[in-house]
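Colleague: Coordinates for the following, if possible.
(one chain, ligands or ions: 1)
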Amino acid sequence: MIKLYNILRCDAAEPWQVSFQDPATPMMQGIIDLHHDIFFFLVIILFFVVWMLARILWHFHWKKNPFPERIVHGTTIEIVWTVFPSIILMFIAIPSFALLYSMDEVVDPAITIKAIGHQWYWSYEYSDYNTSDEQALAFDSYMVLEDDLDIGQLRLLEVDNRIVVPANTHLRMIITSADVLHSWAVPSLGVKCDAIPGRLNQASLFIQREGVYYGQCSELCGTNHGFMPIVIEAVSNDDYVTWLNEKLSA
Ligand code: CUA
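Modeller: Here you go, the predicted structure:
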């Protein structure tokens, strides 16, 4: 079903897309800000180097400058070209580390969801809740095949069982695998976390707006690597409780 936020926001890959999908978490916003921050320096350096190259080619052409100088030292310029790049590197490193460490931070999560990679689908466990037979709420999430798609559903991205979570809530994702390496990645949420057999990886999520977010397995895991997408639906608290009750009583 097409909802308004699917049209307004870019929460899934689009044809001929350039640049990022729209951020839905503070993490993705941070990643985009850092990208712009670094790009600023990149553009300055690019123009400076091109300008310098052009000048050199112009002024030191063999016709203009047939007898080369034999200078091998220049203390001032050597200090300048050492100190100046170090300062630029610092301006890149400080926001980069700030972001890196804030991504590792776990803010007392309200819900823990375990994502398990399989060849070739994802399964999810909501370990905070038990069904009537004392089993953790768990389900598999398979890609919807092209022939089974409804109008408005995204080819190679839609799944039969979406993960549903409340928006504006601190979530903890535990990511692992049952067979080979997979990677749980959702661009709008700024998450790309390896799923490793025998190991639990952790990612924090705080989704700031309701919507449907699409991602894909991002580690080559075999022939159907391209056919194990991820769909996560952020809803209001009420809708989440309703969904949860349905799942638990089913
Ligand atoms: Cu699972 Cu690629």
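
Colleague: Go through this protein and flag its longest strand.
Modeller: Identified as the longest strand of the chain according to DSSP state E is strand 121-130.

Colleague: mind listing what's buried in that one?
Modeller: For strand 121-130, a neighbour-count test (16 or more other Cβ atoms under 10 Å) marks Tyr121, Trp122, Ser123, Tyr124, Glu125, Tyr126 as buried. The way it works is simple: take the backbone N, C-alpha and C, and place the C-beta from them, glycine included.

Colleague: Just give me the closest of those residues to Arg172.
Modeller: Set against Arg172, the nearest of the buried residues of strand 121-130 by Cβ to Cβ is Tyr126 (11.3 Å).

Colleague: residues touching the residue lying closest to the closest one once chain neighbours are set aside, list them.
Modeller: Among residues not flanking Tyr126 along the chain, Leu137 sits closest, at 4.1 Å (Cβ to Cβ, 6 or more residues apart in numbering). Contact analysis of Leu137 by Cβ atoms under 8 Å, 6 or more residues apart in numbering lists Glu125, Tyr126, Tyr129, Asn130, Thr131, Leu244, Lys247, Leu248.

Colleague: Show me what the strand or helix carrying Phe84 is packed up against.
Modeller: Applying DSSP states H and E as the criterion places Phe84 in helix 75-104. Where contact means 3 or more Cβ pairs under 8 Å, 6 or more residues apart in numbering; DSSP states H and E, helix 75-104 is packed against helix 26-59.

Colleague: tell me what the helix it packs on is packed against?
Modeller: Looks like helix 26-59 contacts helix 75-104, strand 201-206 (3+ Cβ pairs under 8 Å, 6+ apart).

Colleague: Adjacent strands (with direction) for the shortest one?
Modeller: So the one you mean is strand 201-206. Applying DSSP bridges, strand 201-206 is found paired with strand 170-177 (antiparallel).

Colleague: so where's the protein uncertain?
Modeller: Along the chain, the parts satisfying pLDDT under 70 run over 1-8, 131-132.

Colleague: Show me which residues of it are close to the ligand?
Modeller: Taking Cβ under 6 Å from any ligand atom, the part of the chain that reaches the ligand is made up of Gly117, Trp120, His182, Cys217, Glu219, Leu220, Cys221, His225, Met228.

Colleague: Let me have the residues you listed in JSON lines, extended by neighbour count and secondary structure.
Modeller: Shown next, in JSON lines, are the residues of the chain next to the ligand (neighbours: other Cβ atoms under 10 Å; DSSP: H, G, I helix; E, B strand; the rest coil):
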{"residue": "Gly117", "neighbour count": "27", "secondary structure": "strand"}
{"residue": "Trp120", "neighbour count": "19", "secondary structure": "coil"}
{"residue": "His182", "neighbour count": "31", "secondary structure": "strand"}
{"residue": "Cys217", "neighbour count": "25", "secondary structure": "strand"}
{"residue": "Glu219", "neighbour count": "18", "secondary structure": "coil"}
{"residue": "Leu220", "neighbour count": "11", "secondary structure": "coil"}
{"residue": "Cys221", "neighbour count": "21", "secondary structure": "coil"}
{"residue": "His225", "neighbour count": "17", "secondary structure": "helix"}
{"residue": "Met228", "neighbour count": "23", "secondary structure": "coil"}
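
Colleague: how close does Ile87 get to Asp37?
Modeller: 15 Å (Cβ to Cβ, to the nearest Å).

Colleague: what do you get for Ala24?
Modeller: Distance of Ala24 to Asp37, given as Cβ to Cβ: 20 Å.

Colleague: Comparing those two, which shows the higher neighbour count?
Modeller: Ala24 (27 against 16; other Cβ atoms under 10 Å).

Colleague: Point to the residue nearest the middle of the chain.
Modeller: Taking Cα atoms, centre = their mean as the criterion, Gly190 is the residue nearest the geometric centre of the chain, at 3.2 Å.

Colleague: Having no further points to raise, I will conclude here.
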